[in-house]
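>>> sequence plus predicted model, see below.
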Amino acid sequence: MAINVNRLLILLLIFLGIVCYGTARKDSLQDKASKYYNIAVNQVSDNGEWLVATKVYRRNYDTAMVMRTHKSGVKAVIGTLTKMTQYSFVKDDQLLASGQGRAVLWNLNTGKKKEVKISSDHHEAENITQSGVLEKGEKYFLLTKDSVLHLYNARSELLTAIGGVQYFRVDKSGTKLFIVKKTGHKTELICYADKKLSSLYKTSDAMTSMEEIPSGNLLIVKEKIKRGTSNEGRFQKVVFVDVLKGELMFPDIGEAAQSEYLRFTEIQNGKKIMITGIKHIPAEKGTVDIWYGNDGNLEAKEEGTSVLRYWMWEKGGNTIKKVPSDRFSMVVSLDSPNYFLMFNRDELQNYTTLFPLIHAYIYDLKNDSYKDLGIMQAEISVSNGGAYFLYKNTDERWVLVNMKTFDMLPLVKEDLKKAFFSPDGQTIFFESSSDLWKYDIKTGRFTALNMDHNNEVKILTKKENDLYPETGYNFRKSTVDVNLPVLLSVTKKGSIEKAFFKWDNGRLKKIMASSKSNITWYKTGQSLDDAVYVEESLHYPPRMVYKETGKENASVIFQSNTQDTTSALIRRDIISFKNTDNQPLKGLLYYPIGYTEDKKYPMIVHIYEVQSRNPNQYLSPLNNFPVGFDIKKLLEQGYFVYLPDIVNGSLGVGWSALDCVESSLDALKDHPNVDLGNVGLIGHSFGGYRTNFIATRSNRFKTYISGAGAADLTRMYFSYNETSSTPFYWQFEEGQYNMHSSFAENKKLYVENNPIENVHKVSAPILLWTGMEDKRIVWDQTMEFYIGLKRNKKGVVALFYPGEAHVFTTGSEAEKDLALKIQDWWDYFLKGKKQIPWIEKQMKNSPSTFVFYKNN
């Protein structure tokens, strides 16, 4: 056969051009994102004058900037550090930084940096593993690979060196070091404080862990005791150390296997300790796995079960009592030595809600008696000392329980959210969606504190101790001390716009506000006289800001991503519209960068739920969630981007989405620049389901992209969610899908909101994608929708990515590939860009191609 050489060369050049074009596009996409970074604040000095902030790039975060807060702009940055992970401020304005075996001591006033080197017999360089400070920077320490802890004063004079260190911790006051070290054949717990070393405890066995209770009054050490040669002969011993008096106490809980997790809950500032033993029993897989209809603990099928036991230890007399757990599996401290909240977690678990109601009792340890509290929500707030506690009843009302009289008083006021007791337990402060409220327990009177009557107020400087973290429930000892300055946030309803206030002796002073920006991090001193925070807006990237309380103007310390010259050009309108229920909603409409008023542009609509709450977000290439949805990149490429709000109504989750989206498009019907005949719709997860449904009912879109979305509500309702280890139906009845009824109660509602029921009505091409390791919305939901579209000869391409889950791995080849394919899809269908082979392979062979391309 004769070969046409010229034709072969042309084909080869075309092929190489396609490869080079694809590579160039990929490199361009990745290079742009790789140049952007966010700011993470690592450390702020006690005097508020210096800070360390890390540049967080997409693939690394090894560059930290050191700044002076009282200067502005470029002058504030006095230098950078690389590959450091620990930062501490030493007295006289010095910074101690360590990482990758190195340590640097930097005099921030003179600019002089000193590499700290500690030689040893085995490690000549890069041997520093940990660093930190004591006494507010009066001293600092360095741990080396040979387990020697070196302590220095602020002038870098060696105070002492401690060898054989296994681990250590700085106490809560920052003035003491508790160190576990090897001394000959023994393990020793020592304390360094006031330039002195003192031995607290010595044993022949290994100390496996050391923790400090919240008050700082006790140190708890767990010790491993070995009997015999087998692993079954390994047990735990508990030692309580009074750090003030140096006394040792050994609570006798009997034999606790090494595999049993021991948790300690402080009661009344360390006068008592509640000890919880949790023994995990792995799930067994045998010949048959039996599932019972009355099982309230389906999580155990994968996670296994736990056997729990409880003790109450009292410091005075070093006495210990066993708290019974034969009747109730869950025992929760009420910050009292005698009273406990008890319930069986599985009793009312029917999986129609995420957190089930509980049937709770108060147990009196002293009298071995129970008081029935009835059915309640699993949310309690306990006063300091346990004289009172609050719980939420089934009507969402707080109920106040007096632990002396057992009187239960329902509080009549509505809209009370989180509750905080005063330190003396006589006053309760309630957050709400309108103002901050004070309740006087003695008088039974509510008083509005007149912070803000129209917006949501939250307390930020509070003390919260989780009383039972393993449950996931909201059981906390919560206090706020209004005798000290209190930091408050006030959030504008329906948005994330915030203002931060200092509340001191009944007077409010504004610290900072974010009406046209987002404050994403802030740091204030105890006096709340000033603040350092990161601020961003639609028109500028994240920047470091310093602000003094009471002063109007703030100082911009540092502006990130100065290469971004287009964000300042972005125009965004907030579009108001109403759904058919006459409910006011909003949509964020972003204009193409460089648009002109004499031209129409295609538009991409992204859907999920309410999206208008953050109109100030900076459109960074790093925030491309879901995969491939980079708003700014789309604006630069000449697209409008529209984010309309969606709320659920009586017609169901799908029809409500269709109603809101089409109503939002109606609000743009007179817009001179939006080409409403050239609009695409995209959604992921819940937004993917809504995209699937809208595609079966609407003729307003030229194309669709749906990622990891449900296609068959009936099958999904009756499925098991491996991510949460629960049946899926709670998400439909009370969760995100919010159908307010079961399938049996309203089968019609489920059928009418089910995309697969009307897959044959899809009238525009659709791109589907999913990760094949997705356990949240299983990948074969996407396959089912693809099969339905294929059977009905619709224009569809489905992308299945092996090894990827519901959210793709950052930086993965799958993420890169999907981003490019999404870009191709928009350009092909909304800009008429042809010669994209992977799309034309479908569309050229589709018998209904021209139906798909028509403008609606």
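Received the coordinates, thanks. All figures in this text were calculated on a predicted structure; none of them were measured in a lab.

>>> this structure: helices as residue ranges?
For the chain, the helices defined by DSSP state H occupy 5-34, 300-303, 631-636, 653-666, 686-697, 713-717, 729-733, 747-752, 779-791, 813-830, 837-843, 849-853.

>>> would you turn these into a markdown table with distance to residue 475?
Yep, even glycine has a C-beta here, placed from its N, CA and C like the rest. What follows is the helices of the chain, written out as a markdown table (distance: least, C-beta to C-beta, whole Å):
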| stretch | distance to residue 475 |
| --- | --- |
| helix 5-34 | 42 |
| helix 300-303 | 20 |
| helix 631-636 | 40 |
| helix 653-666 | 32 |
| helix 686-697 | 30 |
| helix 713-717 | 31 |
| helix 729-733 | 21 |
| helix 747-752 | 35 |
| helix 779-791 | 36 |
| helix 813-830 | 39 |
| helix 837-843 | 53 |
| helix 849-853 | 55 |
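
>>> can you say which of these is packed in most?
helix 686-697 (a mean of 26; mean count of other C-beta atoms under 10 Å).

>>> ok, residue 57 touching residue 560?
No. Counting by C-beta atoms under 8 Å, residue 57 does not reach residue 560; the two are 10.9 Å apart.

>>> show me which of the two is the more surrounded one.
For residue 57 versus residue 560, neighbours defined as other C-beta atoms under 10 Å are more numerous around residue 560 (23 against 16).

>>> any idea how far that one is from residue 534?
As for residue 560, its distance to residue 534 is 9 Å (criterion: C-beta to C-beta, to the nearest Å).

>>> overlap of the contact sets of these two?
Shared contacts of residue 560 and residue 534 (C-beta atoms under 8 Å, 6 or more residues apart in numbering): 39, 542, 543.

>>> just put those in TSV and tack on distance to residue 142 and pLDDT.
TSV is the format used below for these (distance: C-beta to C-beta, whole Å; pLDDT from 0 to 100):
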residue	distance to residue 142	pLDDT
39	28	93
542	33	94
543	34	94
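
>>> what about the residues you listed, which are in strands?
39, 542, 543 (DSSP state E).

>>> most neighbours, which of those residues?
residue 542 (26 neighbours).

>>> thought that residue was touching residue 558?
No. Residue 542 is beyond contact range of residue 558, at 9.2 Å (criterion: C-beta under 8 Å).

>>> okay if I get the ones in strands among the shared contacts of residue 560 and residue 534 as TSV plus distance to residue 349?
Below are those laid out as TSV (distance: C-beta to C-beta, whole Å):
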residue	distance to residue 349
39	43
542	43
543	48
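
>>> between these, which is nearest residue 101?
Comparing these against residue 101 with C-beta to C-beta picks out residue 39 as the nearest, at 26.4 Å.

>>> the closest one against residue 542, yeah?
Yes. Using C-beta under 8 Å, residue 39 makes contact with residue 542 at a distance of 4.8 Å.

>>> got a pLDDT number for the closest residue in space to residue 533 that isn't next to it in sequence?
Leaving aside its sequence neighbours, residue 533 sits nearest to residue 522 (C-beta to C-beta, 6 or more residues apart in numbering; 3.6 Å). Residue 522 is assigned a pLDDT of 83 by the prediction.

>>> residues near residue 522, how many?
Neighbours of residue 522 under the rule other C-beta under 10 Å: 20.

>>> ok so, going back, can you redo the helices of the chain as a markdown table with mean pLDDT and distance to residue 108?
Formatted as a markdown table, the helices of the chain follow (pLDDT from 0 to 100; distance: least, C-beta to C-beta, whole Å):
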| stretch | mean pLDDT | distance to residue 108 |
| --- | --- | --- |
| helix 5-34 | 45 | 30 |
| helix 300-303 | 89 | 49 |
| helix 631-636 | 95 | 36 |
| helix 653-666 | 97 | 52 |
| helix 686-697 | 98 | 48 |
| helix 713-717 | 96 | 57 |
| helix 729-733 | 92 | 52 |
| helix 747-752 | 96 | 64 |
| helix 779-791 | 97 | 53 |
| helix 813-830 | 96 | 40 |
| helix 837-843 | 93 | 55 |
| helix 849-853 | 36 | 64 |
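
>>> of all the ones you listed, which one is nearest residue 505?
helix 631-636 (45.2 Å).

>>> and that closest one, what does it pack against?
Applying 3 or more C-beta pairs under 8 Å, 6 or more residues apart in numbering; DSSP states H and E, one finds that helix 631-636 makes contact with strand 640-644.

>>> so which of the helices of the chain is nearest residue 204?
helix 300-303 (36.7 Å).

>>> point to the residue nearest the middle of the protein.
residue 520 (13.1 Å; C-alpha atoms, centre = their mean).

>>> what's near enough to touch that one?
Listed by C-beta under 8 Å, 6+ apart, the contact set of residue 520 reads 533, 534, 535, 536, 542.

>>> count the residues that sit near the fourth one.
Read it as residue 536. Neighbour tally, residue 536, other C-beta under 10 Å: 24.

>>> how about the second one?
With neighbours defined by other C-beta under 10 Å, the count for residue 534 comes to 22.

>>> isn't it right up against residue 41?
Yes. Here residue 534 lies in contact with residue 41, judged by C-beta under 8 Å, at a distance of 6.7 Å.

>>> now do the shared contacts for those two.
Contact with both residue 534 and residue 41 is made by residues 53, 521, 544, according to C-beta under 8 Å, 6+ apart.

>>> list buried residues within the residues you listed.
53, 544 (16 or more other C-beta atoms under 10 Å).

>>> list the contacts of the nearest residue to residue 784 once chain neighbours are set aside.
Closest residue to residue 784 apart from its sequence neighbours, by C-beta to C-beta, 6+ apart: residue 711 at 4.9 Å. Residues near residue 711 by C-beta under 8 Å, 6+ apart: 689, 692, 755, 756, 759, 781, 782, 784, 785, 788.

>>> with distance to residue 322 as extra columns, can I get the residues you listed in CSV?
Compiled in CSV, the contacts of residue 711 are given as follows (distance: C-beta to C-beta, whole Å):
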residue, distance to residue 322
689, 51
692, 56
755, 56
756, 56
759, 61
781, 50
782, 53
784, 54
785, 57
788, 60
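
>>> which of the residues you listed sit farthest apart?
The largest separation in the contacts of residue 711, counting by C-beta to C-beta, is between 689 and 788 at 14.3 Å.

>>> if we can go back for a sec, between residue 39 and residue 542, what contacts are shared?
By C-beta under 8 Å, 6+ apart, the residues touching both residue 39 and residue 542 are 534, 560.

>>> longest strand in this protein, please.
strand 369-382.

>>> quick one: buried residues of that one?
For strand 369-382, the neighbour count (16+ other C-beta under 10 Å) marks 373, 376, 377, 378, 379, 380, 381, 382 as buried.

>>> contacting residues around the fifth one?
By C-beta under 8 Å, 6+ apart, the contact set of residue 379 is 391, 392, 473, 474, 475.

>>> and what of the first one?
Contacts for residue 373 were tallied using C-beta under 8 Å, 6+ apart; they are 341, 360, 361, 362, 391, 401, 408.

>>> for the first one, which residues are in contact?
The contact partners of residue 341, by C-beta under 8 Å, 6+ apart, come to 331, 332, 334, 360, 361, 362, 363, 373, 380, 389, 475.

>>> distance to residue 185 and pLDDT added to the residues you listed, as JSON lines?
Shown next, in JSON lines, are these (distance: C-beta to C-beta, whole Å; pLDDT from 0 to 100):
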{"residue": "331", "distance to residue 185": "40", "pLDDT": "94"}
{"residue": "332", "distance to residue 185": "42", "pLDDT": "93"}
{"residue": "334", "distance to residue 185": "44", "pLDDT": "94"}
{"residue": "360", "distance to residue 185": "50", "pLDDT": "96"}
{"residue": "361", "distance to residue 185": "50", "pLDDT": "96"}
{"residue": "362", "distance to residue 185": "49", "pLDDT": "96"}
{"residue": "363", "distance to residue 185": "45", "pLDDT": "96"}
{"residue": "373", "distance to residue 185": "53", "pLDDT": "94"}
{"residue": "380", "distance to residue 185": "48", "pLDDT": "95"}
{"residue": "389", "distance to residue 185": "49", "pLDDT": "96"}
{"residue": "475", "distance to residue 185": "43", "pLDDT": "93"}
